[in-house]
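In: No sequence on hand, only this structure:
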């Protein structure tokens with residue numbers, strides 16, 4: 001039995017879960033509303049403020065879907081109560097970010113500014129010129145948007161210039177040495 005899959009999901013106060021036909025799950029909470037269609041082979045049951053996920057048999061596909069389904073449901077519950085966030089750091093001389101309205105404007109050493117629009121369900125904060133905080137209730141959407149921002153100028157290993165996650169460690173390389181005669 002899957003250790004992750006058999007663990008129950010406890011619903012905090014203020015979270016409402018609706019399970020419809022075909023495993024269409026709607027989770028509503030203080031931070032927002034998430035809707036996701038989960039695999040129809042899994043059985044999702046709600047008993048009061050506890051949700052259980054069970055699988056029909058021990059086939060390899062069902063075993064792998066068991067823990068995944070439970071984790072996706074748990075991420076939805078955490079997302080509507082606490083939310084998710086990713087912090088990015090911008091390193092480099094002259095590299096800076098600013099937010100004007102719903103647009104993120106980045107100077108990343110190109111001859112032009114890189115501008116990204118805020119997506120629905122995502123909020124962008126710029127506490128200072130070298131940090132970006134991306135928040136939202138959908139874990140996948142927050143991670144995807146953070147990856148798209150990082151992709152505009154990934155960190156390079158020689159000087160460490162570029163956009164990196166706050167907890168990311170860049171492996172540095174030694175540059176060229178002088179020519180030996």
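Out: Looks like it came in fine. All values reported here derive from a predicted model rather than from experimental measurement.

In: Please count neighbours and contacts with C-alpha atoms only from this point.
Out: OK.

In: what's the spacing between the longest helix anywhere in the chain and its chain's center?
Out: Ordering each helix of the chain by length in residues (DSSP state H) puts helix 60-81 first. From the chain centre to the centre of helix 60-81 is a distance of 15 Å (CA atoms, centre = their mean, to the nearest Å).

In: what's next to it, contact-wise?
Out: Helix 60-81 has contacts (CA atoms under 8 Å, 6 or more residues apart in numbering) with 1-6, 9, 11-12, 15, 27-34, 38-39, 41-42, 52-57, 136-139.

In: The residue nearest in space to the middle of the chain sits in which helix or strand?
Out: The centroid of the chain falls nearest to residue 143 when counting by CA atoms, centre = their mean (2.8 Å). Element membership of residue 143 [criterion: DSSP states H and E] is helix 139-151.

In: and the next helix or strand after that helix, average pLDDT?
Out: Sequence-wise, the next helix or strand downstream of helix 139-151 (DSSP H and E) is strand 162-165. For strand 162-165, the mean per-residue pLDDT is 96.

In: what's strand 162-165 packed up against?
Out: strand 84-91, helix 139-151 (3 or more CA pairs under 8 Å, 6 or more residues apart in numbering; DSSP states H and E).
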